[in-house]
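Trainee: how would this look folded up:
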Amino acid sequence: MRFVFVILFVIIITNKLFLFNEEFLILLSFMSFCFVVYKQLGEKINLHFETKTLNIKHSLVISINLISEKLNEMKKLNEKILNLQKNFNSLKKYYLTFSRKFLTQFIIYLNNIEKLNFSNKLVCLTKIKEEYFKLIVLLLIKKMQIINLLIQFYGNNLKIKRFQTLNFINKLILIKKI
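Mentor: Residues are numbered from 1 along each chain as shown. I've put the predicted structure just below:
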């Protein structure tokens, strides 16, 4: 095949069917250069592009896995917040039933005039009220910590300007406290 091509090319040149000028020689040189580069370096360039593609694919898979982990953490935090709301509702129900029971007991006490019993119940109620107050404060502190974690997550991982500013202000406040 190459031999036929060479003979055909020689016949075209000797019969002056085709003229060689500078532009044509430059074109032939460029085409032969491209052909040689394609034959010699084609597989290496293809391999280089395949490795680059695999590296990009690997980094994207890692990024997606990290985002998935962060979303799972956020899902767990949201579930905890929903549980907190349920706890507040159950606490409210318990407090209402307790108050109702206490008031009925209080009416009975007034009817029977048991002052000693009443004072003991008031002390118990005061202790329970203090415990409820502590529980509510602890629940509010926990919710504030979750909100702080969310602000840090959005500021650090998602690079949202507003949350980054809040993180920076929080760091400055901590530095001033130190």
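Trainee: need the contact list for residue 77.
Mentor: Shown in contact with residue 77 (Cβ atoms under 8 Å, 6 or more residues apart in numbering): 146, 149, 150. From N, CA and C alone the C-beta is placed, and that goes for glycine too.
Trainee: for the first one, helix, strand, or coil?
Mentor: Which is residue 146. The local conformation at residue 146, judged by DSSP: H, G, I helix; E, B strand; the rest coil, is helix.
Trainee: output the below-cut-off pLDDT ranges for this protein.
Mentor: Scanning the chain for pLDDT under 70 picks out 1-2, 13, 16-20, 24, 113-118, 154-164, 166-167, 174-175, 177-178.
Trainee: now do the helices in it.
Mentor: Using DSSP state H, the helices assigned to the chain run over residues 2-14, 22-112, 115-156, 161-177.
Trainee: direction-wise, compare the longest one with helix 115-156 and give the angle.
Mentor: If I follow you right, that is helix 22-112. Here the directions of helix 22-112 and helix 115-156 differ by 180 degrees (axes from the mean of the first three to the mean of the last three Cα atoms, to 10 degrees).
Trainee: next one: helix 22-112 to chain centre, how far?
Mentor: Remark: helix 22-112 is offset 5 Å from the chain centroid, using Cα atoms, centre = their mean, to the nearest Å.
Trainee: cool, and the shortest one?
Mentor: Distance of helix 2-14 from the chain centroid (Cα atoms, centre = their mean) equals 67 Å.
Trainee: could I get the CA-only coordinates of it as CSV?
Mentor: C-alpha atoms of helix 2-14 as CSV (Å, rounded to 0.1, in the frame of the first residue of the first chain):
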residue,chain,number,x,y,z
ARG,A,2,2.8,2.4,0.9
PHE,A,3,4.7,1.4,-2.2
VAL,A,4,1.7,2.2,-4.4
PHE,A,5,1.3,5.5,-2.7
VAL,A,6,4.9,6.4,-3.2
ILE,A,7,4.8,5.4,-7.0
LEU,A,8,1.6,7.4,-7.5
PHE,A,9,3.2,10.4,-5.7
VAL,A,10,6.4,10.2,-7.9
ILE,A,11,4.3,10.0,-11.1
ILE,A,12,2.3,13.1,-10.1
ILE,A,13,5.5,15.0,-9.3
THR,A,14,7.3,14.0,-12.5
